[in-house]
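Visitor: got a structure for you, letters missing:
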């Protein structure tokens, strides 16, 4: 049980943290700060928010755990803003989709207060706090990404927090995290958006003829472009490596089709099918 949980700059993930924390009885008190006054007024009326102060500093001044939920590029800046207002025992985490740069910059900004990075692998093509749900993290992977010198007790607290919200917690170094998510999250977004961009140049009636395969493949292309530009900028090198790896595999398949090498093509399709079947298990 956390005495006071503070959430700053809630969108879909931040609001879902608040909803889940209230539903699971994880925090006695939940305070939330949003940059826009109208959002603070609306959130203050929600049953999963106990107070929505006007400033970020006031929101965290009695917090035991703070969750930073702005776009990735703003996390270190927001951390620096609240550093002087945090209680000595406070632990700060986040929900950012990239970790290496964020963890190092945020740890420096908060020093001597403690930061332990987090990344719940949960979300939606929808954005905004209005779309938050209490069960968003249930059964979903959540990375906790301590640095080499992160205090073990603080790491344990963050792990227990996400576990209490129903997530399946995995600990990883921030650099390892960024390599992993470049392949399993950021590359799929790039591919879905690129396919959508290709089809946007075809006759409009084609989209009305598509089956579920195209809808499933391009669902995440509906995500917020501003958010994804931010993510791709902060994980640029790992995303580029993932794109090059994919390009190599696609070129091999292209060559096999051009050469009518149906045995090779079938082997590639079987390998992909086997992997996807395991993912569904």
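Guide: In hand now; what should we look at? If you're wondering where the values come from, they're calculated on a predicted model, not measured in any experiment.

Visitor: domains of the protein?
Guide: Recorded structural domains for the chain (assignment: automatic domain parsing) are 2-173, 177-280.

Visitor: Tell me the helix or strand right after the helix ranked longest in the chain.
Guide: For the chain, the helix that runs over the most residues, judged by DSSP state H, is helix 236-258. Per DSSP states H and E, helix 236-258 leads on to helix 262-280 as the next helix or strand towards the C-terminus.

Visitor: What lies in contact with that following helix?
Guide: Here helix 262-280 makes contact (C-beta atoms under 8 Å, 6 or more residues apart in numbering) with 252-253, 256-257. (Glycine included, C-beta is placed from N, CA and C.)

Visitor: Top of the residues you listed by number of neighbours, please.
Guide: When neighbours are counted by other C-beta atoms under 10 Å, residue 256 leads these with 17 neighbours.

Visitor: and the residue nearest to residue 62 when sequence neighbours are not counted, which of the three is it?
Guide: In space, residue 62 comes closest to residue 4 once its chain neighbours are excluded; the distance is 5.2 Å by C-beta to C-beta, 6 or more residues apart in numbering. With DSSP: H, G, I helix; E, B strand; the rest coil as the basis, residue 4 sits in strand.

Visitor: Who is residue 4 paired with across the strands?
Guide: residue 29 (DSSP bridges).

Visitor: Go through the domains of the chain and pick out the most buried.
Guide: Ranked by mean neighbour count under mean count of other C-beta atoms under 10 Å, the domains of the chain are led by domain 2-173, which reaches a mean of 20.

Visitor: tell me the mean pLDDT over that domain?
Guide: The average pLDDT within domain 2-173 is 96.

Visitor: May I ask you to confirm that residue 119 is in contact with residue 158?
Guide: No - using C-beta atoms under 8 Å, residue 119 makes no contact with residue 158, being 11.4 Å away.

Visitor: The most centrally placed residue in the chain sits in which helix or strand?
Guide: The central residue of the chain, meaning the one whose C-alpha is nearest the mean C-alpha position (C-alpha atoms, centre = their mean), is residue 97 at 4.0 Å. Using DSSP H and E, residue 97 maps to neither a helix nor a strand.

Visitor: ok, back up a step: I'd say the residue nearest to residue 62 and residue 59 touch.
Guide: No - the pair residue 4 / residue 59 is not scored as a contact, 9.6 Å apart, by C-beta under 8 Å.

Visitor: Find residues that contact each of these two.
Guide: residue 31.
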